[in-house]
Structure formats: C-alpha cells, structure tokens
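Trainee: model the following, please.
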Amino acid sequence: MMAPFRCQLCGETYLGSDKPDRCPFCGANPAELVEPTYWLPNPTGDALTAKDKEFVEKAQQLELNNAAFYRRCAQNAETVITESIFKRLGKHELEHAELLGELAGMEDLTLPEVTVPDDDGEKFREAGRREKRAIKFYLQVAVEADSPRLRAVTRALSDVESEHLIVSNVYC
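Mentor: Next up, the predicted model:
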C-alpha cells in the first residue's frame with residue numbers, strides 16, 4: 001500500500017510503500033520524513049536578521065554553484081554510473097538552493113557557468129573539496145545563526161553534504 005511521507009526540510013512529498021532511508025529530493029535523513037498530518041510549513045525569510053540573511057545568501061550561492069558543477073559533471077561523465085551519481089547530487093543541491101531561497105524570500109535560481117575536469121576521478125575529488133567547504137560553512141552557521149529554523153536547516157544540510165562527501169570519496 002502506498003503512503004505519503006513529507007520532508008520537513010524541503011517540503012517535497014514522497015509516495016511509497018515504505019519510508020525511504022533518505023529524502024529522495026533533498027537527501028535529508030529519515031527523521032525529516034513525516035506523515036503529512038505532522039508536517040509543518042517552513043517559516044519564511046521575514047523573521048531573519050541581517051546576519052542570517054547574509055548567511056542564507058552565501059549558502060544559496062554555494063548550493064547553486066555546486067548544482068551547476070554537478071550538472072556539468074553529469075553532462076561530461078565518462079560512464080552512465082557516474083553520470084547518474086552526478087545528476088542526483090546536482091538535484092539535491094538545487095533543492096537545497098530552492099529551500100534556502102524560500103527562507104530568505106529569494107527566488108533567483110540562476111546557475112552560474114562552471115568548468116569541470118575531464119576525468120571522473122578528478123570530478124569526484126573536486127566534489128569532495130566542495131562538500132567539505134559546504135559542511136564547514138553549514139556547521140559554522142548552525143552555531144552562529146540567530147534563527148532557530150536556520151540553525152536546524154544548516155545542521156540538516158551539513159548531514160546531507162556529509163553523505164555527498166562519502167559518495168565522492170567512494171568514487172575517486
């Protein structure tokens with residue numbers, strides 16, 4: 001029997017017979033997946049302090065840059081396996097950028113132009129560097145942000161980026 005699960009982080013709904021081990025849209029851990037009746041809408045950026053808005057803007061740029069990187073990696077992947085990995089990672093990053101934009105009332109999701117290495121191993125090494133930067137930044141924001149929602153979001157994003165780091169380490 002199909003049942004809905006809604007992600008408390010990104011707000012997307014998953015339909016399946018079992019709760020997935022991660023949100024298929026943003027990569028959040030299963031604790032973020034709840035029955036729709038328990039789902040709460042995310043607060044918007046109206047309540048963010050100037051410092052938190054700056055954190056969100058920087059985070060969104062980080063995510064858009066990484067989404068563009070992964071999209072380009074998928075387009076130039078050496079195998080169908082690495083193509084599918086890069087494609088999924090890029091979709092996660094774009095979902096993160098969208099979530100961050102909603103937090104701060106920013107709607108522009110324009111992906112920047114990026115260059116990527118030719119070799120898939122080098123792509124994964126660069127992915128690892130990018131994920132480490134994201135994790136470090138999100139852990140900093142989780143401590144320094146004024147907004148409890150932003151602290152929770154950046155902790156959850158740090159968890160997802162840690163999973164991305166594991167993937168990039170496995171394939172390089």
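
Trainee: now do the contacts for the residue nearest to Asn65 when sequence neighbours are not counted.
Mentor: Take Asn65 and drop its neighbours on the chain: the residue closest to it by Cβ to Cβ, 6 or more residues apart in numbering is Pro112, 5.8 Å away. (Each C-beta comes from the backbone N, C-alpha and C, glycine too.) Counting by Cβ atoms under 8 Å, 6 or more residues apart in numbering, Pro112 makes contact with Leu64, Asn65, Ala68.

Trainee: just the helices from the chain, written as ranges.
Mentor: Taking DSSP state H, the helices of the chain run over residues 50-75, 80-104, 120-144, 148-171.

Trainee: among these, which is nearest Lys19?
Mentor: helix 148-171 (16.5 Å; Cβ to Cβ).

Trainee: what packs against that closest one?
Mentor: helix 50-75, helix 80-104, helix 120-144 (3 or more Cβ pairs under 8 Å, 6 or more residues apart in numbering; DSSP states H and E).

Trainee: need those in TSV (columns: mean pLDDT).
Mentor: Shown next, in TSV, are the helices and strands packed on helix 148-171 (pLDDT from 0 to 100):
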stretch	mean pLDDT
helix 50-75	96
helix 80-104	94
helix 120-144	98
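
Trainee: which among those helices is found nearest to Cys7?
Mentor: Short answer: helix 80-104, nearest of the helices and strands packed on helix 148-171 by Cβ to Cβ, at 9.2 Å.

Trainee: in that closest one, which residues are buried?
Mentor: The neighbour-count check on helix 80-104 (16 or more other Cβ atoms under 10 Å) flags 82-83, 85-86, 88-104 as buried.

Trainee: same check, this time on stretch 144-153
Mentor: Using 16+ other Cβ under 10 Å as the test for burial, stretch 144-153 gives Ala145, Ser147, Arg149, Leu150, Arg151, Ala152, Val153.

Trainee: neighbours of Ala142, how many?
Mentor: 18 (other Cβ atoms under 10 Å).

Trainee: please name the residues that touch it.
Mentor: Counted by Cβ under 8 Å, 6+ apart, Ala142 has contacts Arg151, Thr154, Arg155, Ser158.

Trainee: check Cys23 too.
Mentor: Contact analysis of Cys23 by Cβ under 8 Å, 6+ apart lists Cys7, Leu9, Cys10, Glu12, Tyr14, Asn29, Glu32, Leu33.

Trainee: sorry, back to before: can you flag the buried ones in the contacts of Ala142?
Mentor: Arg151, Thr154, Ser158.
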